[in-house]
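Trainee: Based on what follows, work out the 3D shape:
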Amino acid sequence: PMSGLTSGAGAAATMDVEPVDIAPDNFKLSPRWRKKTKQLATLGPASSSFEMIEKLFLAGADVFRLNFSHGEHAQKKELLDIIRQVEAKYEHPIAILGDLQGPKLRVGQFANPAGEVLQTGQAFRFDLDESPGTNQRVLLPHPEIIEASQVGHVLLVDDGKVKLQVTGTGPGYIDCVVVFGGTIKDKKGVNTPDSILDISCLTPKDRADLQYMLDIGVDWVALSFVQRPEDIVEIHRLILAHPTGQTPSRPKVMAKIEKPSCFEGDSLTKIVDLCDGIMVARGDLGVECAPEDVPILQKQIIDECRTQGKPVVVATQMLESMIDNPTPTRAEASDVATAIYDGADAIMLSAESAAGAYPEESVVMQQRIINRVESDPHYQQYLKSFEPHHDETAAAAIIMAARQIARTVNAKAIISFTCGGTTAQKASKKRPDVPILAISPLLTTSRQLSLSWGVYPEYVEEGVLDTDNFRSMLREACGIAIKKGLVSDANDLLVVTAGFPFGTPGAANIVRVIPAAGPTYWDSSL
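Mentor: Numbering: from 1, shown residues only. The predicted structure follows:
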């Protein structure tokens, strides 16, 4: 069911005869509404009430993440319903991201409840024997790891705290030497940075969770443990098989890049091409890759996403110390700023907002860093230094022209009429100097665009937008620009792009400059 969002209908109905006083909503002039980089906040025990979710939204959260690694389905539905109530109260689209857990590779159990201490240099075996583990061996209940392991491959246990190297393999076992010793306890995770495993990134639990996400209506689905482009094809197939899969309200797919295999050959280019967005999941990426490589890989992923015009989120440990402290370390503030300078569409909080002592303060801190970086002249230089490849379509030419016109006439916003979000996405890819107001008759599209850099999404009900009357659509656009505080004077200019016939995916074949006073008003000084 649709939530109670209303459109900006009639706000500018009287504005197309002569200039009028424009009184934008001062609430929309606060820094929270002026940022271009978006924020994701994970919900959890510290952020499960209407009051706290509302605070996080007002502090800057544009997208809420539901982590399906923890909690029951009913809890996720409660959170989704609360988010939709906040959305209705503020008449502002909010996206919901459902994050699938993915396969969790773990060792078996040890005879000693405290685990075993492995010494550097000693031999150790992983096998398929289910008897309790000792100082010499333990069960590894994943035959696919044993089959994929070769001499010289590395295995990491407990987020890399213990490192082993394969010295020999046999039927149902691998022998290793301990490179970095430490304690291994029951059910600790195993990472395999050198191997592509012959397993689906969707476990039976993930498949059940995905069905539930599709039933309750999340806007984005994040896929963990992506090893190869085929993994994205698999989740698309499952979504298309669901009743919502054939409708405009189907969720978009975000791939979490956390495996070194994503960087082999042209895999990254193909993965970005196949999905709708990317998350730089630096937790597992930081375990499986050398720490000094992760910042470089982060830039590589962001550049690939900007080249292809796909939104990219930087996640994990952004303000980790704010789980327990009201202020971040200087290194964390610098890390958040670096992701913004790199050109990320969005930055994310995990445990900081889900389970920490300072969820609201964490979101406010990210928002303050965003606004500070975006006001820095260096930031505009960084954005301009990366010029995405031009595709030679009419739509791309119109969007390039709109950006140039906006700069030349000092327009206050670019307005994009969009059905599926493609036109607004292309405008975002070009990183214009002014906000992109994306007006859509599809609520799901408006919500999904909440993740895209510089896009201010607005939902206008199908009946309100008279797609056969372009002048009436322009009048509607002026009213929404006023409502969102994007214009403050009747002579403020807006650059409008649209595609006709309206509803054709990716079509943009009209560009028009209009003053905020309406499409039939034009002052000779303009």
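Trainee: what sits against the closest residue to C201 other than its chain neighbours?
Mentor: Nearest residue to C201, sequence neighbours excluded (C-beta to C-beta, 6 or more residues apart in numbering): F225, at 4.2 Å. In this view, the C-beta of every residue, glycine as well, is placed from N, C-alpha and C. Going by C-beta atoms under 8 Å, 6 or more residues apart in numbering, F225 touches G102, P103, C201, D231, K256, E258, K259.
Trainee: again, only this time at 7 Å
Mentor: Going by C-beta atoms under 7 Å, 6 or more residues apart in numbering, F225 touches G102, P103, C201, K259.
Trainee: again with T134
Mentor: Contacts of T134 (C-beta under 7 Å, 6+ apart): A111, E116.
Trainee: The residue nearest to A424 when sequence neighbours are not counted: which element?
Mentor: Nearest non-adjacent residue to A424, counting by C-beta to C-beta, 6+ apart: A438, 3.7 Å away. Counting by DSSP states H and E, the element that carries A438 is strand 436-440.
Trainee: Now do that strand: distance to the chain's middle.
Mentor: Distance, stretch centre to chain centre, for strand 436-440: 19 Å (C-alpha atoms, centre = their mean, to the nearest Å).
Trainee: again, but for stretch 506-517
Mentor: Using C-alpha atoms, centre = their mean, the offset of stretch 506-517 from its chain centre is 28 Å.
Trainee: How about stretch 429-444?
Mentor: That offset, for stretch 429-444, works out to 16 Å (C-alpha atoms, centre = their mean).
Trainee: Report the residue spans of this protein with pLDDT below the cut-off.
Mentor: Counting by pLDDT under 70, the ranges of the chain that qualify are 1-26, 524-526.
Trainee: By residue count, which helix of it is the longest?
Mentor: helix 73-90 (DSSP state H).
Trainee: picking up where we left off before, the residue nearest to A424 contacts S452, doesn't it?
Mentor: No: with contacts counted by C-beta atoms under 7 Å, A438 stays clear of S452, the gap being 8.0 Å.
Trainee: Just the CA trace of stretch 143-153, in CSV.
Mentor: Only the C-alpha atoms of stretch 143-153 are listed here, as CSV (Å, rounded to 0.1, in the frame of the first residue of the first chain):
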residue,chain,number,x,y,z
PRO,A,143,33.7,-28.9,1.4
GLU,A,144,33.8,-26.2,-1.3
ILE,A,145,36.6,-24.4,0.6
ILE,A,146,38.6,-27.6,0.8
GLU,A,147,38.1,-28.3,-2.9
ALA,A,148,39.0,-24.7,-3.9
SER,A,149,42.2,-24.5,-1.7
GLN,A,150,45.6,-24.9,-3.3
VAL,A,151,49.1,-25.0,-1.9
GLY,A,152,50.1,-21.4,-1.1
HIS,A,153,46.5,-20.1,-0.5
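Trainee: Give me the buried stretch members for it, please.
Mentor: Neighbour-count burial for stretch 143-153 flags I145, I146, A148, S149, H153 (criterion: 16 or more other C-beta atoms under 10 Å).
Trainee: Check which element follows the longest helix of the chain along the chain.
Mentor: In N-to-C order, the element after helix 73-90 by DSSP H and E is strand 95-99.
Trainee: which other helices and strands contact that next one?
Mentor: Strand 95-99 sits against strand 63-67, strand 220-223, with contacts defined as 3 or more C-beta pairs under 7 Å, 6 or more residues apart in numbering; DSSP states H and E.
Trainee: again, only this time at 8 Å
Mentor: strand 63-67, helix 73-90, helix 204-216, strand 220-223, helix 443-448 (3 or more C-beta pairs under 8 Å, 6 or more residues apart in numbering; DSSP states H and E).
Trainee: quick check: angle from the longest one to helix 204-216?
Mentor: Going by axes from the mean of the first three to the mean of the last three C-alpha atoms, to 10 degrees, helix 73-90 is angled at 30 degrees with respect to helix 204-216.
Trainee: wait, doesn't A59 sit right on M365?
Mentor: No: the criterion here is C-beta atoms under 8 Å, and A59 misses it with M365 at 9.1 Å.
Trainee: just to revisit the earlier point, joint contacts of A438 and S452?
Mentor: G421, A424.
Trainee: Quickly list what the residue nearest to A424 is bridged to.
Mentor: S416, P457 (DSSP bridges).
Trainee: rewinding a little: which outside residues touch the longest helix of the chain?
Mentor: In contact with helix 73-90 (C-beta under 8 Å, 6+ apart) are residues 3-5, 43, 48-50, 53-54, 57, 64, 66, 68, 93-94, 96, 98, 209, 212, 216-218.
Trainee: Drop anything exposed from these.
Mentor: 3, 5, 43, 53-54, 57, 64, 66, 68, 93-94, 96, 98, 209, 212, 217-218.
Trainee: And the helices in the stretch 101-250 of the chain?
Mentor: With DSSP state H, counting those that start in this stretch as the criterion, the stretch 101-250 of the chain has helices at 143-148, 204-216, 229-241.
Trainee: Could you do the stretch 251-400 of the chain as well?
Mentor: Using DSSP H, counting those that start in this stretch, helices in the stretch 251-400 of the chain cover 267-274, 282-288, 294-308, 330-341, 351-354, 359-374, 377-385, 394-409.
Trainee: Same list, the ones you listed, but as a markdown table with mean neighbour count and distance to T444 please.
Mentor: A markdown table is the format used below for the helices of the stretch 251-400 of the chain (neighbours: other C-beta atoms under 10 Å; distance: least, C-beta to C-beta, whole Å):
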| stretch | mean neighbour count | distance to T444 |
| --- | --- | --- |
| helix 267-274 | 18 | 20 |
| helix 282-288 | 20 | 29 |
| helix 294-308 | 18 | 21 |
| helix 330-341 | 18 | 27 |
| helix 351-354 | 26 | 24 |
| helix 359-374 | 22 | 24 |
| helix 377-385 | 12 | 28 |
| helix 394-409 | 18 | 21 |
